[in-house]
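**Q** here's my sequence, what's the structure:
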Amino acid sequence: MTLGAAACYTIGRNEPAPAHGGVGKEVDILLSNLYLKLRELIHREDEAGQGMVEYALILVLIAVVVIVVLMLLGNQINNVFHNISTGLGA
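**A** Numbering: from 1, shown residues only. Have a look, this model is predicted:
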């Protein structure tokens, strides 16, 4: 496996990797690639998940408001439907 000159640089420095045989260079390149992939994975901006959480919070808020309104006005709503059903049945 031959490596280009650009692949022999170490992370964050423009110095060539130490000359300790072809294996050391390959290991340096593999570690550099691993570091870059992990850094990309950690700093990835995943806004799709954030949007889903926001929608879930809005739905929970709406559900709480509906429950509170039904608890406060439940008897009045029941009376209205009872009057309607009585009026249609008679």
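**Q** what number of residues lie near G87?
**A** G87 has 8 neighbouring residues, counting by other Cβ atoms under 10 Å. No exception for glycine: its C-beta is placed from N, CA and C like everyone else's.
**Q** can you confirm it is in a helix?
**A** Yes - according to DSSP: H, G, I helix; E, B strand; the rest coil, G87 belongs to a helix.
**Q** any idea how far V80 is from it?
**A** Spatial separation of G87 from V80 under the definition Cβ to Cβ, to the nearest Å is 11 Å.
**Q** low-scoring stretches of this protein, by residue?
**A** Regions of the chain meeting the criterion pLDDT under 70 cover residues 1-23, 44-49, 90.
**Q** same thing but at 90, please
**A** For the chain, the stretches with pLDDT under 90 are 1-54, 69-71, 74-75, 77-78, 89-90.
**Q** tell me the domain ranges of it?
**A** 5-42, 46-90 (automatic domain parsing).
**Q** out of those, which one sits most buried?
**A** Most buried of these by mean neighbour count (mean count of other Cβ atoms under 10 Å) is domain 5-42; its value is a mean of 11.
**Q** just checking, what packs against the strand or helix carrying N78?
**A** N78 belongs to helix 47-89 when assigned by DSSP states H and E. Of the remaining helices and strands, none touches helix 47-89 by 3 or more Cβ pairs under 8 Å, 6 or more residues apart in numbering; DSSP states H and E.
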